[in-house]
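In: Here is my input, please return the structure:
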Amino acid sequence: MSFEQEAKKNFPKWPIHNNDEINALKDVIKSGDWWCGAPGEHQGDNVWAFQEEFAKFQGAKHCVAVCNGTVAIEAALMGLNVGLGDEVIVSDYTFVASASAVIATNAIPIFCDINPKTLVIDVNNVEKLITTRTKAIVPVHLGGNPTDMEHLMEIAIQHDLSVVEDCAHAHNSVYKNKKVGNWGSAGTFSFQASKVLTSGEGGAIICNSEELADKIYSYIDCGRKKNQYFYDHFSYGTNYRMTEYQAAVLRVQLKKFPNQHELRNENAFYLMKKLNDIDGIKTMKPTPGTTRLGWYVFPIIFEPMKFGGITKSEFYEKLNANGIPTDDCYPPLHSLDCFKNINLKKGIDYSMANWGGEKSNNINFPIVSDVYSRSIEFPQEMLLANREKLDNVVDFIKSLKK
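Out: Numbers count the residues shown, from 1 in each chain. Sure, this is the predicted structure:
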């Protein structure tokens with residue numbers, strides 16, 4: 001067992017479950033209705049009920065549940081008619097899915113550098129990347145920290161661009177009194193095993209346009225239309241439906257989420273204050289106007305020379321070896337082999353992208369490259385621990401000072 005796995009034993013185990021989830025799954029199995037069926041003819045009720053419950057929870061009119069968060073982005077983009085030759089601006093600091101979902105639509109992701117304090121897409125750089133080929137923007141609310149959506153939407157409206165908010169980390173994040181996912185054309189969520197709301201896998205798209213919701217539904221259910229004959233397929237689509245098992249677990253987890261979310265936020269702001277008092281440590285700064293964060297991860301940035309020239313890998317190893325679970329942050333998208341070596345879909349012209357070969361040099365993405373070289377992150381379950389354990393984390397980091 002690795003030091004990281006051992007360290008996680010010192011903090012609450014994730015996911016948290018009890019007999020509520022077990023009984024929900026038993027009920028699905030006993031019912032014999034193991035899939036959702038169609039809108040007009042339900043086989044199971046959990047998927048349809050979860051869609052209504054999650055839409056209400058996020059303050060949206062519509063929700064389409066899908067099998068994971070990656071295809072949620074793809075389906076939202078397809079619903080917005082993004083396709084061959086289109087460009088989609090994406091934050092460079094995110095999991096690969098934010099960009100691979102763009103690739104899946106035959107469009108081209110264009111990577112945008114980040115704000116060094118908030119770690120989300122630098123909206124001031126977005127306009128420089130817009131061309132006549134630009135169709136959409138995918139801002140990523142990294143760690144649950146909202147992008148400056150007010151400014152971004154001004155740019156999007158001015159240039160007639162769609163916006164798909166990647167909310168995989170941002171369940172219940174609130175920016176300027178509006179929950180994320182409701183600022184743009186659509187918001188996408190992940191319920192993968194480590195997420196703050198989880199069913200092992202799963203995803204969802206929220207939006208406030210019935211027309212868009214219907215297009216997304218058709219794409220994820222084999223080109224069908226709601227309440228039409230089951231074997232009529234009106235347009236190209238695929239099968240990205242959520243299972244009854246996933247939805248049953250999510251409905252239970254959603255009821256437990258508010259209390260966990262409250263504790264995460266309380267502990268995150270407590271830890272933030274303590275860590276920022278250490279010379280050479282900076283935590284992710286909430287975007288101005290943010291009142292609540294998802295806190296899927298808790299990134300910290302360190303200054304190596306304030307810690308005796310310690311490297312990122314050494315910092316990471318020391319924390320894990322001393323019982324503090326620590327993860328690496330996402331490598332910047334431009335640096336990933338699939339983009340650097342253009343090992344992507346055949347027959348697509350990626351020559352106009354701002355990455356690939358020499359264009360993927362870190363010098364072209366200076367902020368994210370610097371941040372990644374000296375940052376690590378704590379998993380969200382750490383924020384469910386008691387204050388004594390959090391104080392121990394702070395004290396150990398202080399002890400690394402030279």
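In: which parts of the one helix or strand K318 maps to are buried?
Out: Assessed by DSSP states H and E, K318 sits inside helix 312-321. By neighbour count with 16 or more other C-beta atoms under 10 Å, helix 312-321 contains the buried residues K312, F315, Y316, K318, L319, N320. From N, CA and C alone the C-beta is placed, and that goes for glycine too.
In: Which residue ranges of the stretch 201-350 of the chain form helices?
Out: For the stretch 201-350 of the chain, the helices defined by DSSP state H, counting those that start in this stretch occupy 210-220, 244-276, 312-321, 337-340.
In: ok, now which ones touch the closest residue to K340 other than its chain neighbours?
Out: Across the structure, with C-beta to C-beta, 6 or more residues apart in numbering as the measure, the residue nearest K340 apart from its sequence neighbours is S360 (4.3 Å). For S360, the set of contacting residues under the criterion of C-beta atoms under 8 Å, 6 or more residues apart in numbering consists of H334, S335, F339, K340.
In: Thought P332 was touching the last one, still the case?
Out: Yep, that's K340 we're talking about. No. Look at K340 against P332 with C-beta atoms under 8 Å: they stay out of range, at 10.3 Å.
In: P15 belongs to a strand?
Out: No. Under the criterion used here (DSSP: H, G, I helix; E, B strand; the rest coil), P15 is coil, not part of a strand.
In: so where does the residue nearest to Y175 when sequence neighbours are not counted fall, helix or strand?
Out: Closest residue to Y175 apart from its sequence neighbours, by C-beta to C-beta, 6+ apart: P146 at 3.7 Å. When elements are assigned from DSSP H and E, P146 belongs to no helix and no strand.
In: Was I right to think P146 contacts V120?
Out: Yes. At 7.3 Å, P146 counts as touching V120 under the criterion of C-beta under 8 Å.
In: what residues do those two have in common as contacts?
Out: Taking C-beta under 8 Å, 6+ apart as the contact rule, P146 and V120 both touch T287.
In: Between those two, which is the more surrounded one?
Out: Relative neighbour count places P146 above the other of P146 and V120, with 33 against 24, counting by other C-beta atoms under 10 Å.
In: confidence score at that one?
Out: P146 is assigned a pLDDT of 98 by the prediction.
In: dump the residue contacts of it.
Out: When contacts are counted by C-beta under 8 Å, 6+ apart, P146 touches V120, A170, S173, V174, Y175, V180, T287, G289, T290, L293.
In: quick one: the residue nearest to K340 from N343, how far?
Out: S360 sits at a distance of 12 Å from N343 (criterion: C-beta to C-beta, to the nearest Å).
In: show me what contacts V196?
Out: Listed by C-beta under 8 Å, 6+ apart, the contact set of V196 reads G144, H169, H171, F257, Q260, H261, R264, G294, W295, Y296, Q380.
In: now, which of those residues sits nearest G44?
Out: Distances from G44 to those, taken as C-beta to C-beta, are shortest for F257 (22.0 Å).
In: Excluding sequence neighbours, find me the nearest residue to that closest one.
Out: Leaving aside its sequence neighbours, F257 is closest to L197 (5.5 Å, by C-beta to C-beta, 6+ apart).
In: for D327, same thing?
Out: Leaving aside its sequence neighbours, D327 sits nearest to E377 (C-beta to C-beta, 6+ apart; 5.2 Å).
In: Which other helices and strands does the helix or strand in which the one you found is found contact?
Out: Take DSSP H and E as the rule and E377 turns out to sit in strand 375-379. Contacts defined by 3 or more C-beta pairs under 8 Å, 6 or more residues apart in numbering; DSSP states H and E place strand 375-379 against strand 297-302, helix 312-321, strand 327-328.
In: and after it, which helix or strand comes next?
Out: Elements were assigned by DSSP H and E; along the chain past strand 375-379, the next helix or strand is helix 387-399.
In: For that following helix, buried residues please.
Out: In helix 387-399, residues buried by neighbour count (16+ other C-beta under 10 Å) are K389, L390, V393, V394, I397.
In: That one relative to strand 375-379, how many degrees between them?
Out: Taking axes from the mean of the first three to the mean of the last three C-alpha atoms, to 10 degrees, one finds that helix 387-399 is oriented at 160 degrees with respect to strand 375-379.
In: coming back round to it: export the strand holding E377 as PDB, just CAs?
Out: Provided in PDB are the C-alpha atoms of strand 375-379 (Å, rounded to 0.1, in the frame of the first residue of the first chain):
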ATOM      1  CA  SER A 375       1.300  23.000  -6.400                       C
ATOM      2  CA  ILE A 376      -0.400  20.000  -4.800                       C
ATOM      3  CA  GLU A 377      -3.900  19.400  -3.600                       C
ATOM      4  CA  PHE A 378      -5.700  17.800  -0.700                       C
ATOM      5  CA  PRO A 379      -8.700  15.600  -1.500                       C
END
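In: Sheet partners, orientation included, of it?
Out: Looking at strand 375-379 with DSSP bridges, its paired strands and their directions are strand 297-302 (antiparallel), strand 327-328 (antiparallel).
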